[in-house]
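Enquirer: Please find the sequence and the predicted model below.
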Amino acid sequence: GVAASVVIIVLLFFLRSGKSVEPATLLSDPFLQLPKQGSVNVVWFTNFEGSEHFVMYGDKKDQRANATTTKLSSMALSETPGAKAKATSVWRHEATASGLEARKRVPYFVESKDGKRNTEVKSKVFSLQPAPQAGQALKILLTSDHQNLPMVAANLQQVDSSIGKLDAVLFAGDTVLVPDRAAEWFGDASHGSAFFPSFQGRAKSVVGTTEYRGGEVLQHAPIFTALGNHDVMGRTNITNTSLDAHFEYSAPRSYAESLYKSTGLDPKSEAHAEWVANNSFNTRTYSEIFSLTGRAPGKLYYSVTLGDVHLIVLCAVRAYRPPTLDPNVASRFSERRQDFNRKELWRHGAFVMEPISKGSAQHVWLQYELKSKEFQSAKYRVVMLHHPIHSLGANIGPAFSNPYPYFKYGADGEVIAASYEYPFPDYLLNDVSPLLEQHGVQLVFYGHSHIWNRFAKPTTTATATMTTNFLESSNVGNTFGAFSTNTGRKRSVVDKLESAQGDPNGLSPVLPTHPNKTAGVGDKDHVSSNTVTVFSILDTDKGTVESYYFDTKHPNSKAQKFDEFSLVKPAAAAVTTPSEPVTTTSTTASARTTEQKPNPLANTKLRAAQVQSVMQPRPEESGTRPSPIAQATGATEAAGGVSRKKGAAGDAAVEASGPTDGRAKGSGGATGSASATSVKKEAAEGSEPSSLRDNGDDVEASVKAPPRAKKSDAVATGSDAKEPVGSGSGSSGRRSEIS
């Protein structure tokens, strides 16, 4: 057969050359990207450059589309912990299948040839279709945070067997753990739940005594992804050359820019952007693997219309730092004690990687997008991002804003404490969520904490009373825990504006509509498990989102539905002026909803008031006053936020230098060339900002820096003050790619 011939040819090549050459293989089955009217792109990977790569498609599989081939720039092999990563060759091929008929699937396969080896490799036959039409019934998978976790393959195997062929996949970030590690994408003996094998039914993942293969999903359905913190690589200029270290040691763009200035290199050099990325963070691998260009070309935020669904994908990512006060861990609140005077090893707290606050390019673009005809006319309005807005999980806090650093110096001028606090407003809660609610977004989907929970918030717009549903459906194992009042668990470390239990941003979770108390699913307001895995399906025919669970302790069982809610728009209501905070009311999204509570954190003034209510009596404003986090970490805060020089001998003076990447400076990329003022003006007029149409520049408005931190007081709490599973110092952050 063909396979035997390929093996013989390869062996003959080995014998003649005397070299050990890796056999030519497909590293993945094909997957689908960029569906458009009449076309869709097909992407696959090989371990060789080859001479011909093409897709054959159509009823008779007689239509051919040649592929464009590129080499991934940063792929490396798995390495011994701490050892130098060894580069490996991965070649990407992308072809456009055009001339497709609407609402019709046709078969296809891909083929790659290597003239040097006189060999070829082919995929099996799958099916594809162009972009769906309005009114076309779709089933869309909602999932996230796969990260090579052990239950991913079981989860996707149940999706495939229970739901059948999907029409699209919405993936809310964290595809893998370390994006430059090839095995996490394509699999090897130690990565049985790798991304593509699990999504393509080729995994080898053992849970208990059962091996799961995953599901044949991406070969038939296009995937749309949001950037997650595990999709970003950190600095590559550090001494430690392991992939894990490169991932963990991310730094803000402003840090890298300041380093670049100190080198005296030309800021207009073509190498400038790459230098800054290598000294801060990059998303090269993520951006090279996926084709996500849409209405914001070159960006990590974009929009697309899929039949009756208009999807807006935001980039809401911060560097992951564990929530601990352990002085030997670089955490959200402090640098490691042993690194205080080795600034090249600082992690800079949980900094925001792509600007999304008011005045940023992304926020301006979002305002334009929410006013667009495509969004306004869509039957279903969906927004996807990685970081949660409402959650019972461990990863929602502290406030989604850039950290303020506080440094304390000893008598000899050395740093003896370095801590971080997080000012308000919260970019997502205060700058983004009100926009989504006011414009009638029906579903906000996100991940990050590896749990399932949902919330519903009634909102009165100019034309109707809507419900904005917030869904976190990322439970595929390795949960970080849920901190609900009905579990008794408390978050291990919180600031004073974050609650030890419940949603710190003020909503009550919605109880599942189809509980299974025997299985222990749905009798609580969340699912947080390392044996039960969950997925959700958006069904546009019924206008519902349905969530299913599968218990890996019972491998012969089937996925069971435990929750369902409707996205159908209600009839128009009388125009009223919304109050703030939201008044107590019952939602209509579910038969078993819980009562909505007033949101005590709905605006900055209320937040500030709450801060004062939980603060200890404040010392006099003159002189230095203690910061609550500083009391735990040893740093203090300068009075009134005034920066001071290092003190003379014996004077423990303080440096309070403002956000590591504040609103007046962009935290997520090279400085943009467009005028933020003109961008905002165009957006307000309802036209697409010209400076965002053709480039990927980051633009930050020239606005005042946010107020100093209102005492985000980090404290250990409760009987459950433990590290969340998987939250050790090895889990660091990453961000949006501009290089």
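Expert: Nice, I can see it. Nothing here was measured: the structure is a model prediction, and the numbers come from that model.

Enquirer: And for A319, the neighbour number?
Expert: A319 has 27 neighbours, counted by other Cβ atoms under 10 Å. (Each C-beta comes from the backbone N, C-alpha and C, glycine too.)

Enquirer: repeat for T25
Expert: T25: 15 neighbours (other Cβ under 10 Å).

Enquirer: Does it touch F45 like I think?
Expert: No: the criterion here is Cβ atoms under 8 Å, and T25 misses it with F45 at 9.6 Å.

Enquirer: Show me what counts as buried in stretch 527-535.
Expert: For stretch 527-535, the neighbour count (16 or more other Cβ atoms under 10 Å) marks 527-530, 532-535 as buried.

Enquirer: From these, which land in helices?
Expert: Among these, DSSP state H puts none in helices.

Enquirer: any chance of those residues in JSON lines, plus distance to G50?
Expert: Shown next, in JSON lines, are the buried residues of stretch 527-535 (distance: Cβ to Cβ, whole Å):
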{"residue": "V527", "distance to G50": "45"}
{"residue": "S528", "distance to G50": "46"}
{"residue": "S529", "distance to G50": "44"}
{"residue": "N530", "distance to G50": "42"}
{"residue": "V532", "distance to G50": "43"}
{"residue": "T533", "distance to G50": "37"}
{"residue": "V534", "distance to G50": "40"}
{"residue": "F535", "distance to G50": "36"}
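
Enquirer: And these, which is closest to F424?
Expert: S528 (27.7 Å; Cβ to Cβ).

Enquirer: centre of the chain versus stretch 510-528, how much separation?
Expert: Put simply, stretch 510-528 sits 26 Å off its chain's centre (Cα atoms, centre = their mean, to the nearest Å).

Enquirer: And for stretch 360-367?
Expert: 18 Å.

Enquirer: can I have it written out in CSV, keeping just the CAs?
Expert: C-alpha atoms of stretch 360-367 as CSV (Å, rounded to 0.1, in the frame of the first residue of the first chain):
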residue,chain,number,x,y,z
SER,A,360,-7.0,52.6,24.8
ALA,A,361,-7.1,51.5,21.2
GLN,A,362,-8.9,48.4,22.1
HIS,A,363,-11.6,50.2,24.2
VAL,A,364,-12.1,52.7,21.4
TRP,A,365,-12.4,49.8,18.8
LEU,A,366,-14.9,48.1,21.1
GLN,A,367,-17.1,51.2,21.2
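
Enquirer: Show the pLDDT at P706.
Expert: pLDDT, P706: 35.

Enquirer: Can you tell me the SS state at the residue lying closest to G234 once chain neighbours are set aside?
Expert: Distances taken as Cβ to Cβ, 6 or more residues apart in numbering place S250 nearest to G234, at 3.3 Å, with adjacent residues excluded. The three-state label given to S250 by DSSP: H, G, I helix; E, B strand; the rest coil is coil.

Enquirer: Just give the number of residues close to S250.
Expert: 26.

Enquirer: Next, work out how far apart it and T293 are.
Expert: For S250, the distance to T293 (Cβ to Cβ, to the nearest Å) stands at 25 Å.

Enquirer: Kindly report the same for V364.
Expert: Distance from V364 to T293, by Cβ to Cβ: 19 Å.

Enquirer: Which parts of this protein are helices?
Expert: 2-17, 152-163, 182-186, 195-199, 243-248, 253-263, 272-278, 284-289, 361-371, 373-376, 433-438, 604-614, 628-633, 676-684.

Enquirer: rank the ones you listed by mean pLDDT and give me the bottom one.
Expert: Among the helices of the chain, helix 604-614 scores lowest, at a mean of 33.

Enquirer: quick one: low-confidence parts of the stretch 501-650 of the chain?
Expert: Applying pLDDT under 70 to the stretch 501-650 of the chain picks out residues 518-519, 522, 569-650.

Enquirer: Which residues lie in contact with the most centrally placed residue in the chain in this structure?
Expert: Closest residue to the average C-alpha location of the chain: G228 at 2.2 Å, with Cα atoms, centre = their mean. When contacts are counted by Cβ atoms under 8 Å, 6 or more residues apart in numbering, G228 is found next to 144-145, 172-175, 317, 386, 447-448.

Enquirer: again, only using 7 Å
Expert: 173-174, 317, 386, 447 (Cβ atoms under 7 Å, 6 or more residues apart in numbering).

Enquirer: Output those residues in TSV; the columns should cover distance to L77, pLDDT and neighbour count.
Expert: Shown next, in TSV, are these (distance: Cβ to Cβ, whole Å; pLDDT from 0 to 100; neighbours: other Cβ atoms under 10 Å):
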residue	distance to L77	pLDDT	neighbour count
G173	25	96	28
D174	22	96	27
V317	26	97	32
H386	27	98	28
G447	28	96	31
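
Enquirer: so F340 sits right up against S419, yeah?
Expert: No: the pair F340 / S419 is not scored as a contact, 10.5 Å apart, by Cβ atoms under 7 Å.

Enquirer: Tell me which of these two has more neighbours.
Expert: S419 (29 against 23).

Enquirer: hey, what's the more buried one bridged with?
Expert: S334, Y406 (DSSP bridges).

Enquirer: again, but for S360
Expert: Assigned bridge partners for S360, using DSSP bridges, are E700.

Enquirer: measure it to P323 for me?
Expert: For S360 relative to P323 (Cβ to Cβ), the value is 26 Å.

Enquirer: Quick one: neighbours of S269, just the number.
Expert: Neighbour number of S269 under other Cβ under 10 Å is 11.

Enquirer: follow-up on the earlier one: ok, V364 and T293, which is more surrounded?
Expert: V364 (26 against 15).

Enquirer: The more buried one and A399, how far apart?
Expert: Counting by Cβ to Cβ, the gap from V364 to A399 is 22 Å.

Enquirer: cool, and T96?
Expert: Counting by Cβ to Cβ - T96 and A399 are separated by 44 Å.

Enquirer: so what pLDDT did E700 get?
Expert: The model's pLDDT for E700 equals 27.

Enquirer: same question, F424
Expert: 87.

Enquirer: right, and it touches F400 too?
Expert: No: contact criterion Cβ under 7 Å: F424 and F400 do not qualify, at 9.9 Å.

Enquirer: who has more neighbours, these two?
Expert: Taking other Cβ under 10 Å, F424 and F400 do not tie; F400 has more neighbours (27 against 24).

Enquirer: Compare T96 and A399 (neighbour count), which wins?
Expert: A399 (29 against 17).

Enquirer: For that one, what are phi and psi?
Expert: Note on A399: backbone dihedrals following degrees, to the nearest 10 are phi -50, psi 140.

Enquirer: Among the buried residues of stretch 527-535, pick out the one closest to L243, please.
Expert: Once Cβ to Cβ is applied, the member of the buried residues of stretch 527-535 that ends up nearest L243 is N530, at 25.3 Å.
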